[in-house]
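Participant: structure, please.
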Amino acid sequence: MPGEGACSKGVVFIGEAPGRKEDETGRPFVGAAGKILDSLLTSVGLSREDVFITSVLKCRPPKNRDPLPGEKEACSPWMEAQLNALRPRVVAPLGRHGLSFIAGRYGQDFGTITQEHGNIYHFKEDWGEVAALPLFHPAALIYHRALMPDAEKDMKILVSLL
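Facilitator: I've put the predicted structure just below:
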């Protein structure tokens with residue numbers, strides 16, 4: 001599953017990997033976590049059609065387990081090619097696996113997603129400056145509702161970068 005969207009606002013969201021619903025439909029973030037992502041986008045005047053949504057892994061890991069390092073490495077060229085083709089102004093890693101990909105791409109040492117969410121990092125690309133804004137993974141918000149105010153604040157930061 002490569003992802004979907006238009007990147008018309010210059011934003012790419014990078015999740016972990018397709019889940020069961022995503023695997024069935026071939027679309028990213030269509031399950032419960034997707035509903036939360038849609039709600040967060042709507043709350044700041046964005047829609048799925050405005051952004052590009054993808055994942056570090058392009059296929060679902062067996063039994064929906066965490067991606068293995070070798071799997072992330074195998075999918076990394078696809079993720080790199082997507083970013084080079086889309087040329088985003090803002091990259092929003094969703095959760096620790098998205099953050100890990102960004103750390104590797106830019107040679108950055110990050111803390112945990114809990115420490116890094118809402119912090120803006122600037123990197124130079126061939127097409128110009130890119131802001132990276134780590135965000136909580138929407139699935140985390142299902143299990144930790146207390147994080148929702150921070151997630152909403154972080155989305156407002158994202159919009160300010162546009």
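Participant: residue 31 against residue 22, yeah?
Facilitator: Yes: between residue 31 and residue 22 a contact is recorded at 6.8 Å, counting by C-beta atoms under 8 Å. Where you see a C-beta, it was placed from the backbone N, CA and C, and this is true even at glycine.
Participant: overlap of the contact sets of these two?
Facilitator: Common contacts of residue 31 and residue 22 (C-beta atoms under 8 Å, 6 or more residues apart in numbering): none found.
Participant: quick check: longest helix of the chain.
Facilitator: Scanning the chain for the helix with the most residues, using DSSP state H, yields helix 69-86.
Participant: which secondary structure elements does the next helix or strand after that one contact?
Facilitator: Counting by DSSP states H and E, the next helix or strand C-terminal to helix 69-86 is strand 90-93. The helices and strands touching strand 90-93, judged by 3 or more C-beta pairs under 8 Å, 6 or more residues apart in numbering; DSSP states H and E, are strand 11-15, helix 95-106, strand 128-132.
Participant: those into CSV, with extra columns for mean pLDDT and distance to residue 61?
Facilitator: Output for these, formatted as CSV (pLDDT from 0 to 100; distance: least, C-beta to C-beta, whole Å):
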stretch, mean pLDDT, distance to residue 61
strand 11-15, 96, 13
helix 95-106, 94, 11
strand 128-132, 96, 24
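Participant: looking at these, which is buried most?
Facilitator: Among the helices and strands packed on strand 90-93, the stretch with the highest mean neighbour count (mean count of other C-beta atoms under 10 Å) is strand 11-15, at a mean of 27.
Participant: right, and the helix or strand after that strand?
Facilitator: The helix or strand immediately downstream of strand 11-15 is helix 20-25, counting by DSSP H and E.
Participant: what is the least confident helix or strand in this protein?
Facilitator: helix 20-25 (a mean of 87; mean pLDDT, DSSP states H and E).
Participant: centre of the chain to it, how far?
Facilitator: Relative to its chain's centre, helix 20-25 lies at 17 Å (C-alpha atoms, centre = their mean, to the nearest Å).
Participant: okay, the angle between the following helix or strand past it and strand 11-15?
Facilitator: Per DSSP H and E, helix 20-25 leads on to helix 32-43 as the next helix or strand towards the C-terminus. Angle of helix 32-43 versus strand 11-15, following axes from the mean of the first three to the mean of the last three C-alpha atoms, to 10 degrees, is 160 degrees.
Participant: can I get helix 32-43 as CSV, trimmed to CA atoms?
Facilitator: The C-alpha trace of helix 32-43 is given here as CSV (Å, rounded to 0.1, in the frame of the first residue of the first chain):
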residue,chain,number,x,y,z
ALA,A,32,-10.3,3.6,14.1
ALA,A,33,-7.0,5.4,14.0
GLY,A,34,-8.0,6.8,10.6
LYS,A,35,-11.1,8.3,12.0
ILE,A,36,-9.1,10.1,14.7
LEU,A,37,-6.7,11.3,12.0
ASP,A,38,-9.6,12.6,9.9
SER,A,39,-11.1,14.3,13.0
LEU,A,40,-7.7,16.0,13.8
LEU,A,41,-7.3,17.1,10.2
THR,A,42,-10.9,18.5,10.1
SER,A,43,-10.3,20.4,13.4
